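In: return atomic coordinates for the entry below.
(one chain, ligands or ions: 1)
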Amino acid sequence: MNIIRAKDYQDMSRKAANIISAQIIMKPDCVLGLATGSTPVGTYRQLIEWYEKGDLDFSRVSTVNLDEYRGLAHTDPQSYYYFMQENLFDHVNIDKTATHVPDGTNPDAADACAKHEQIIKSLGGIDLQLLGLGNNGHIGFNEPGAAFEKETHLVDLAESTIRANARFFTSIDEVPKQAYTMGIRTIMQAKKILVVVSGESKADIVSRAFFGPVTPEVPASILQMHPDVTVVCDEAALSMSP
Ligand code: F6R
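Out: Below is the predicted model of the structure:
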C-alpha cells in the first residue's frame, strides 16, 4: 500500500487526478471505477480542467460507479447518477453509453445488482477504482461487518451513514435507507485502487483502516491485502497516523 501525503484538499485532488490521467494516457480505452461523495469532487474538477486544456481524452474511456441509492430517479439531484453528470460526465467528451451507475430505479435488487456485476465483467474488469473513505470505514456502501466475499448487492445503510449523508438532503427522513453497492470482492478485483481522503474528521478512521488490523469492522482495512493500492491523504487526514 502506497500512502501519499498531500498538503491539503487541493493538493490531494491534483495528485489523485494525476494518477487517473496517467491511467487514461497509458490505456485510452481503460475502465475507471468511480465514486461520489464530497472527497472526489476536486479530483473531477481537475480532470475537467485538463480535458478543457486538451490534455485528456475521455472518448474511449468506460466507467462503472461504486454505488447508488435505491429508489431515487435519475433526475433526483441526490442520486449518484445525477451527481456523476453534474460533476464529470457533462463536462468531458465521454460517451455516456459507456458510463454505468448501478440502476437505483430498478426495484428488483437482484436484477439491478447482477446487471451491474455483468457490465463490469463484460468490460474486462476495472483498471483503476477510485474510492472515498466513510467515517466508519465503509468503502462503497459496505458498512462495518460487511462480508468480504460479496459482489454487487443491496445494503441497508448504517445509521451513522444516513446521518452523515443527511447534509445533502432537506431532512434526515429523506435520506434513502438502502443502496446498491459493489461488494468488497468486486472492489478487490479491480487491478488498481486509488483512495482519496481529506480532513481531520477522517484522521481516526485513516489510522484504523490503513495502519490497524484487517477486520470486517473496518471494511477499508481489507485494502491492505490488495497488491496495488495508492492512498492519497491530506495532512489533516494523516494527523493520527504514524
Ligand atoms: C461514494 C461512496 C462512499 C463515499 C464515502 C466518503 O460513492 O461509495 O463510500 O466514498 O462515504 O464520502 P465523502 O467523500 O463525502 O466523505
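In: relative to the ligand, how far out is residue 207?
Out: For residue 207, the distance to the ligand (CB to the nearest ligand atom, to the nearest Å) stands at 16 Å. (C-beta placed from N, C-alpha, C; glycine too.)
In: give me the neighbour count for that residue.
Out: 16 (other CB atoms under 10 Å).
In: correct me if wrong: it contacts residue 241.
Out: Yes: the pair residue 207 / residue 241 is scored as a contact, 4.4 Å apart, by CB atoms under 8 Å.
In: just checking, which helix or strand of the chain averages the lowest pLDDT?
Out: helix 159-165 (a mean of 89; mean pLDDT, DSSP states H and E).
In: what residues sit buried inside that one?
Out: Residues of helix 159-165 classed as buried: 161, 162, 164, 165 (neighbour count, 16 or more other CB atoms under 10 Å).
In: so which bits of the helix or strand just after it are buried?
Out: As assigned by DSSP states H and E, the chain's next helix or strand after helix 159-165 is strand 178-181. Residues 179, 180, 181 are the ones in strand 178-181 that count as buried (16+ other CB under 10 Å).
In: residues contacting strand 178-181, please?
Out: Identification of contacts with strand 178-181 by CB atoms under 8 Å, 6 or more residues apart in numbering yields 66-71, 102-104, 109, 112-113, 116, 140-142, 152-157.
In: do that again at 6 Å, thanks
Out: Outside strand 178-181, the residues that touch it by CB atoms under 6 Å, 6 or more residues apart in numbering are 67, 68, 69, 70, 102, 112, 113, 140, 141, 154, 155, 156.
In: hang on, the earlier thing: which one of the buried residues of helix 159-165 is nearest residue 188?
Out: Nearest to residue 188 among the buried residues of helix 159-165 is residue 161, at 20.8 Å by CB to CB.
In: so which residues of this structure form helices?
Out: 9-26, 41-52, 80-87, 109-122, 159-165, 184-188, 203-211 (DSSP state H).
In: for residue 136, which non-adjacent residue is closest in space?
Out: residue 160 (5.2 Å; CB to CB, 6 or more residues apart in numbering).
In: show me the contacts for the closest residue to the ligand within the chain.
Out: Ranking the residues of the chain by distance to the ligand (CB to the nearest ligand atom) places residue 132 first, at 2.4 Å. Applying CB under 6 Å, 6+ apart, we find residue 132 in contact with 35, 37, 39.
In: show the pLDDT at it.
Out: Per-residue confidence (pLDDT) for residue 132: 98.
In: what do you get for residue 198?
Out: 98.
In: residue 147 now?
Out: What the model reports for residue 147 is a pLDDT of 89.
In: how about residue 216?
Out: Confidence for residue 216, expressed as pLDDT, is 96.
In: neighbours of the closest residue to it other than its chain neighbours, how many?
Out: Nearest residue to residue 216, sequence neighbours excluded (CB to CB, 6+ apart): residue 145, at 5.6 Å. As a burial measure, residue 145 scores 10 neighbours (other CB under 10 Å).
In: and residue 145, how far from residue 94?
Out: Applying CB to CB, to the nearest Å, the value for residue 145 to residue 94 is 35 Å.
In: contacts only, for residue 204.
Out: Applying CB under 6 Å, 6+ apart to residue 204 gives the contacts residue 240.
In: start and end of stretch 168-179, how far apart?
Out: Terminal residues of stretch 168-179 are spaced 16 Å apart (CA to CA, to the nearest Å).
In: kindly apply the preceding question to stretch 153-168 instead.
Out: Terminal-residue distance, stretch 153-168 (CA to CA): 24 Å.
In: tell me how far that stretch lies from the chain's centre.
Out: 15 Å (CA atoms, centre = their mean, to the nearest Å).
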